[in-house]
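K.L.:
Test case, fold it:
(one chain, ligands or ions: 3)
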Amino acid sequence: MKEPNYTLLCDYYELTMGNGYFEAGMADQITYFDIFFRQVPDHGGFAIAAGLEQAIEYIENLHFSEEDIAFLRNKGIFSEEFLSYLKHFQFSGDVWAVPEGTPIFPGEPILTVRAPAIEAQLLETFLLLTLNHQSLIATKANRIVRAANGRVVLEFGSRRAQGPDGAVLGARAAYIAGCAGTACTLTDQLYGVPAGGTMAHAWIQMFDDEYTAFKTYCELYPDNATLLVDTYNVLKSGIPNAIRAFREVLLPKGITKCGIRLDSGDITYLSKKARKMLDEAGFPQCQIVASNSLDEMIIRDILMQGAQVDLFGVGERLITSKSDPVFGGVYKLAAVENEQGEIIPKIKLSENVSKITNPHFKKVYRLFENQTGKAFADLICVHDEAVDDTQPIELFDPDYTWKRKTFTDFTAKELLVPVFSHGERVYPKFSTEEIKRYCAEQLDLLWDEVKRFENPHNYYVDLSQKLWDIKHQLLNEKKN
Ligand SMILES: Nc1ncnc2c1ncn2[C@@H]1O[C@H](COP(=O)(O)OP(=O)(O)OP(=O)(O)O)[C@@H](O)[C@H]1O
Ligand SMILES: O=P(O)(O)OC[C@H]1O[C@H](OP(=O)(O)OP(=O)(O)O)[C@H](O)[C@@H]1O
Ligand SMILES: O=C(O)c1cccnc1
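P.N.:
Ligands and ions are numbered 1, 2, ... in the order given. A predicted model of the protein is given here:
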């Protein structure tokens, strides 16, 4: 599919500032911008990075068409020199990012851009929107998958998604984070996420009676018949009719694999009753699917009540991350290069301490205990530092610096990997399946304490001494 031209999907200020950098002779000044986020949605212990592939495609495709230039000229505020510069515009910088599917924590860079000021500034909106959206949905979907505790979760949300990308890319992110498939056919075509599903009430309503609807469906799709049993009355007609159709159509073909879907009422009560009726009728393999405004809290609750559900279809509350629908990733200037090519760290102050940025061109290490393989901290360093994991390391709380702890016997791995070098993509294109597998592996490296819903363990994201010193020196300089 041809990529649409999203170059003007930027905030207007990126163009006015770009024109300004150009006019002020700063167009070629090399800048460093970081993307990081401040809070995990739903008070969770971690988030999951997603959306990098779409961010890369956007950068590769960046260009101003003749129509774009004419449109901007019409605004009457951009210089002709700037507009001519835009004609030949393409991204020439470097990008580093955490691979999609990586668990991420507040405050750490998940993507860094090094590029001439105009180029780097222009990327802000699109990079944020794509990483924020998919990381939000991946994070939410993984909560729902964790609540389902080994049962299958299917993404059913396209109809309630916020626009086509919300549906298609949301389903992609949900799959990366642990959903087993989606109802969204286009996500299958574009990203290989297996599409599947059951049937709508309309199918049953179209026939004179429920039994004929079920029988017809079983005849058409004997290997994949999941019958929606709540159109009229689940216990009195839906399940008895489903059992009759399974018996009359599937059993003669030797098929015992089948399913029913419950889409209303008390899922615990109905699923227990349904299980009993299906087992007694000789269909212990019949799977029970539940749907209806589910989320991680309801799923956890109904499983605690003993619900007999094998698969969950989750739509609106997943695809919109209804309980906390904002992923607050931001794009902040961290450094510039002077004419001698020296990197000059930049900081942004705020009355709100949590909004003060970490300056400089940085790298991030994730530290894993050798004994368990589990991750115990992330360490943000200046780009020219290297963590020596053969030596003990002392970490300290960047806010309460007297809280210190020394760790030994660990392995340090860099989180940010090269994505673009001098404008060229250097990052491999992974299949959605590979990203999903990587995500599952990385999640296994987190302690369960980080994954719980209530009061999750606060994972350490610390600064190296060198970075902490630079930050506090800048803070003092700027305050004065
Ligand atoms: N046993 C249960 N415990 C907790 N929540 C449940 C249970 N069973 C269903 N729910 C949830 O309760 C909410 C309301 O369910 P209910 O069946 O009353 O919905 P409804 O939308 O009014 O039904 P209908 O689809 O027939 O209009 C849904 O979010 C559903 O997932
Ligand atoms: O509830 P969700 O988590 O979004 O799951 C998907 C829902 O989409 C369908 O409902 P439909 O659009 O037919 O509306 P309904 O609520 O009347 O069933 C389906 O029957 C599920 O209820
Ligand atoms: O296939 C299904 O059962 C389905 C798909 C989308 C939304 N609700 C249900």
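
K.L.:
and stretch 175-191, C-alpha only, in PDB?
P.N.:
Only the C-alpha atoms of stretch 175-191 are listed here, as PDB (Å, rounded to 0.1, in the frame of the first residue of the first chain):
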ATOM      1  CA  TYR A 175      -1.500  -8.200  19.100                       C
ATOM      2  CA  ILE A 176       2.100  -7.300  19.800                       C
ATOM      3  CA  ALA A 177       1.200  -7.000  23.500                       C
ATOM      4  CA  GLY A 178      -0.400 -10.400  23.800                       C
ATOM      5  CA  CYS A 179      -3.900 -10.500  22.100                       C
ATOM      6  CA  ALA A 180      -4.200 -13.700  20.100                       C
ATOM      7  CA  GLY A 181      -5.900 -12.100  17.100                       C
ATOM      8  CA  THR A 182      -8.300  -9.400  16.000                       C
ATOM      9  CA  ALA A 183     -11.700  -9.000  14.300                       C
ATOM     10  CA  CYS A 184     -10.100  -6.400  12.100                       C
ATOM     11  CA  THR A 185      -9.600  -7.800   8.600                       C
ATOM     12  CA  LEU A 186      -7.300  -5.000   7.400                       C
ATOM     13  CA  THR A 187      -4.900  -5.500  10.200                       C
ATOM     14  CA  ASP A 188      -4.600  -9.100   9.100                       C
ATOM     15  CA  GLN A 189      -4.000  -8.000   5.500                       C
ATOM     16  CA  LEU A 190      -1.500  -5.300   6.300                       C
ATOM     17  CA  TYR A 191       0.300  -6.700   9.400                       C
END
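
K.L.:
does it come close to ligand 2?
P.N.:
No. If you take CB under 6 Å from any ligand atom as the test, stretch 175-191 misses ligand 2, and the best it gets is 8.0 Å. Backbone N, C-alpha and C define where each C-beta goes, glycine included.

K.L.:
quick check: mean pLDDT across that stretch?
P.N.:
Mean pLDDT, computed over stretch 175-191, is 98.

K.L.:
now do stretch 365-379
P.N.:
pLDDT averaged over stretch 365-379 gives 98.

K.L.:
For the remainder of this discussion, apply numbering that starts at 14.
P.N.:
In the new count, where the first residue is 14, that last one comes out as stretch 378-392.

K.L.:
got the end-to-end distance for it?
P.N.:
Across stretch 378-392, the terminal residues are separated by 5 Å (CA to CA, to the nearest Å).

K.L.:
ditto for stretch 39-46
P.N.:
Stretch 39-46 has its terminal residues 16 Å apart, counting by CA to CA.

K.L.:
Flag every buried residue along it.
P.N.:
Across stretch 39-46, burial judged by 16 or more other CB atoms under 10 Å covers M39, A40, Q42, I43, T44, Y45, F46.

K.L.:
So which residues on the stretch 264-413 of the chain come close to ligand 3?
P.N.:
Counting by CB under 6 Å from any ligand atom, the residues of the stretch 264-413 of the chain close to ligand 3 are R274, S304, G326, G328.

K.L.:
what pLDDT does the residue in the stretch 114-263 of the chain that ligand 3 sits nearest to get?
P.N.:
The minimum distance from the stretch 114-263 of the chain to ligand 3, using CB to the nearest ligand atom, falls at G210 (2.2 Å). Per-residue confidence (pLDDT) for G210: 97.

K.L.:
Help me confirm that it comes into contact with G170.
P.N.:
No. Using CB atoms under 8 Å as the test, G210 is too far from G170 to be in contact (11.9 Å).

K.L.:
okay, and the common contacts of the two?
P.N.:
A196 (CB atoms under 8 Å, 6 or more residues apart in numbering).

K.L.:
Neighbour count: those two, which is higher?
P.N.:
Shown here are G210 and G170; by other CB atoms under 10 Å, G170 has more neighbours (26 against 18).

K.L.:
List the contacts of the closest residue to K418 other than its chain neighbours.
P.N.:
In this structure, K418 finds its nearest non-sequential neighbour in L408, 5.8 Å apart by CB to CB, 6 or more residues apart in numbering. Contact partners of L408, counting by CB under 8 Å, 6+ apart, are A390, L392, R417, K418, T419, F420, Y473, D475.

K.L.:
Could you rerun that using 6 Å?
P.N.:
Counting by CB atoms under 6 Å, 6 or more residues apart in numbering, L408 touches A390, K418, D475.

K.L.:
packing partners for whichever strand or helix holds the last one?
P.N.:
The reference is to D475. Assigned by DSSP states H and E, D475 falls within strand 473-476. Identification of packing neighbours for strand 473-476 by 3 or more CB pairs under 6 Å, 6 or more residues apart in numbering; DSSP states H and E yields strand 388-395.

K.L.:
where are the low-confidence patches of the chain?
P.N.:
Across the chain, the ranges flagged by pLDDT under 70 are 14-16.

K.L.:
Around ligand 2, which positions in it sit nearby?
P.N.:
Residues of the chain lying near ligand 2 (CB under 6 Å from any ligand atom): 169-170, 172-173, 213, 276, 304-307, 326-330.

K.L.:
returning to what we had before: highest neighbour count among the residues of the stretch 264-413 of the chain next to ligand 3?
P.N.:
Going by other CB under 10 Å, G326 tops those with 24 neighbours.

K.L.:
wait, doesn't that one sit right on F169?
P.N.:
Yes. Counting by CB atoms under 6 Å, G326 touches F169, with 4.3 Å between them.

K.L.:
Now the protein against ligand 2: closest residue?
P.N.:
The nearest approach of the chain to ligand 2 comes at G328, 2.4 Å away (CB to the nearest ligand atom).

K.L.:
surely that residue meets F169?
P.N.:
Yes. When contacts are counted by CB under 6 Å, G328 is listed as touching F169 (3.9 Å).

K.L.:
The residue nearest the centre of the chain sits in which helix or strand?
P.N.:
Centroid check for the chain by CA atoms, centre = their mean gives S148 as the closest residue, at 2.3 Å. According to DSSP H and E, S148 maps onto helix 137-161.

K.L.:
again with A258
P.N.:
helix 252-258.

K.L.:
Then G326?
P.N.:
Following DSSP H and E, one finds G326 within strand 324-327.

K.L.:
Could you do L380 as well?
P.N.:
Going by DSSP H and E, L380 is in strand 375-382.

K.L.:
Contacts for that strand, please.
P.N.:
The contact list for strand 375-382, computed with CB under 6 Å, 6+ apart, reads 121-122, 388-394, 396, 400, 423-429.
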